[in-house]
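Engineer: everything below, folded, please.
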Amino acid sequence: TCPKFSTKDALTSGTSELGDDFLPQLLEGFMALEETPLSVFKCRSPEECPGGTPGGCAGGRREIACASCGPEMYWADDECKSCQPWLRAMWIVLLTCGICF
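Structural biologist: Coordinates of the predicted model:
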């Protein structure tokens, strides 16, 4: 929603000379990338996209519609977590065993 006297510049910069009350905000369940704040995407659930300023995703999610975690990360317990080296090794062993048998 856009409050009175808010501007496109305020949305793209994330600041307003009139204060935070004059910054356009995304509704819960929607997101926009910081680089393209006027391109708004609907998320799968409001929990993934809390709304607010562009670029805001819950739990460290990223990309369009807060759809994924970053590289070398996975989703668990409502947040993105780093992949551990032993976890990758376990997957390699399991896949190798699955192919061999």
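Engineer: what residues are up against Ala67?
Structural biologist: Applying Cβ atoms under 8 Å, 6 or more residues apart in numbering to Ala67 gives the contacts 43-44, 48, 61. All C-beta atoms are positioned from the backbone trio N, CA, C, and that covers glycine.
Engineer: show me those that map onto helices.
Structural biologist: Among those, DSSP state H puts none in helices.
Engineer: and the furthest pair within those?
Structural biologist: Arg44 and Arg61 (10.6 Å; Cβ to Cβ).
Engineer: could you pull out the strands in the chain for me?
Structural biologist: Using DSSP state E, the strands of the chain run over 30-32, 40-42, 73-76, 79-82.
Engineer: in its sheet, what does the second one sit against?
Structural biologist: Just to be clear, that refers to strand 40-42. strand 30-32 (antiparallel) (DSSP bridges).
Engineer: quick one: low-confidence parts of this protein?
Structural biologist: The chain contains residues with pLDDT under 70 at 1-3, 11-14, 22-23, 87-88, 101.
Engineer: residue ranges of the helices in it, please?
Structural biologist: With DSSP H as the criterion, the chain has helices at 8-13, 85-100.
Engineer: may I see these arranged in CSV, with mean neighbour count and distance to Glu72 as well?
Structural biologist: Below are the helices of the chain laid out as CSV (neighbours: other Cβ atoms under 10 Å; distance: least, Cβ to Cβ, whole Å):
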stretch, mean neighbour count, distance to Glu72
helix 8-13, 14, 30
helix 85-100, 9, 9
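Engineer: of all those, which lies closest to Glu79?
Structural biologist: Per Cβ to Cβ, nearest to Glu79 of the helices of the chain: helix 85-100, 16.0 Å.
Engineer: one step back: out of Arg44 and Arg61, which sits in the more crowded spot?
Structural biologist: Arg61 (21 against 11; other Cβ atoms under 10 Å).
Engineer: that one and Asp78 touch, don't they?
Structural biologist: No: in terms of Cβ atoms under 8 Å, Arg61 does not count as a neighbour of Asp78; the distance is 10.1 Å.
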